[in-house]
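Asker: Here is my input; please provide its structure:
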Amino acid sequence: MGSDTSPVVVKGDTCQQVVEKLGEPKGQVRGGRRTTYYYDRGTVDFLTGRVDRAFLITAGEATAKKEQQAKEETAARRQAEADHARMIAAGKAQREEKLADKAFAAKPPSERLAYWSDFQKEYPDTDVSVQIVEATQLIEAGRKDQDRVAELLDMNKRAAEIEARFKQLDADYAASLANWKRTEIDDERSKLTSELAGIKSRLAELLK
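Answerer: Okay, here's the model as predicted:
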């Protein structure tokens, strides 16, 4: 319980006496009648406000411990910095290797995006934002092309259906002698003519 450079904490000392000898504690825990003060040198337990027991190393030992901890922290920090630098170098090298790979460049944009997304997780400090944006834009452009082709097919199909319906309407009109029937045919033809005009206009836009 003694110290080579500090006053001795003895059983029966008050909290104030301990603070006068060791300084303010780094932390403390209270539980019922017991209180524990925490120091770099160890702990002091109080029972109803007076020292019951103390587990303290000497001031010299405490200093040596802090110095050792500081050395270990410095070594750990340097190691982390070295590992970080190696990771950055490895990421840059792998990025440049992939960018020079013609086979990789020929892969579908979706595969390239998946690769660069995984790459970014593995090498967060290596910038591949340009590659990710480029692949994403190509994917989006491909989707637009697919939508455009699908719409073209739908429009052409509907135009063919309207043309076929016109022929049927012409036949129905010629065969019908009832005015009301011919009026219905004229109304349907008018609606289909308007729809066909809209389709042709949209086709012209899609084919630009």
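Asker: just checking, next helix/strand downstream of the lengthiest helix in the chain?
Answerer: If you go by DSSP state H, the chain has its longest helix at helix 129-175. Following helix 129-175 in sequence order, the next helix or strand is helix 179-206 (DSSP states H and E).
Asker: element containing Ala54, please.
Answerer: Ala54 belongs to strand 50-56, assigned by DSSP H and E.
Asker: Buried residues, that strand. List them.
Answerer: Neighbour-count burial for strand 50-56 flags 51, 54, 56 (criterion: 16 or more other Cβ atoms under 10 Å). (Each C-beta comes from the backbone N, C-alpha and C, glycine too.)
Asker: likewise stretch 160-178?
Answerer: Here stretch 160-178 shows 162, 169 as buried, counting by 16+ other Cβ under 10 Å.
Asker: Rebuild the buried residues of strand 50-56 as JSON lines, extending it with pLDDT and distance to Ala178.
Answerer: As requested, the buried residues of strand 50-56 are exported to JSON lines (pLDDT from 0 to 100; distance: Cβ to Cβ, whole Å):
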{"residue": "Val51", "pLDDT": "96", "distance to Ala178": "117"}
{"residue": "Ala54", "pLDDT": "94", "distance to Ala178": "116"}
{"residue": "Leu56", "pLDDT": "93", "distance to Ala178": "115"}
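Asker: Just put those in TSV and tack on distance to Gln120.
Answerer: What follows is the buried residues of strand 50-56, written out as TSV (distance: Cβ to Cβ, whole Å):
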residue	distance to Gln120
Val51	57
Ala54	54
Leu56	51
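Asker: closest to Glu73 among these?
Answerer: Within the buried residues of strand 50-56, the smallest distance to Glu73 is 23.3 Å, found for Leu56 (Cβ to Cβ).
Asker: doesn't Val10 make contact with that closest one?
Answerer: No. Contact between Leu56 and Val10 fails when scored by Cβ atoms under 8 Å: they sit 11.3 Å apart.
Asker: Need the phi and psi values for the residue of the chain positioned farthest from its centre.
Answerer: Here the chain reaches farthest from its C-alpha mean at Leu177, the gap being 71.9 Å by Cα atoms, centre = their mean. Per-residue torsions, Leu177: phi -110, psi -10 (degrees, to the nearest 10).
Asker: Could you check how far it is from Asp170?
Answerer: Distance of Leu177 to Asp170, given as Cβ to Cβ, to the nearest Å: 15 Å.
Asker: now stretch 191-202, how far from the centre of its chain.
Answerer: Relative to its chain's centre, stretch 191-202 lies at 47 Å (Cα atoms, centre = their mean, to the nearest Å).
Asker: Many thanks, I have nothing further to ask.
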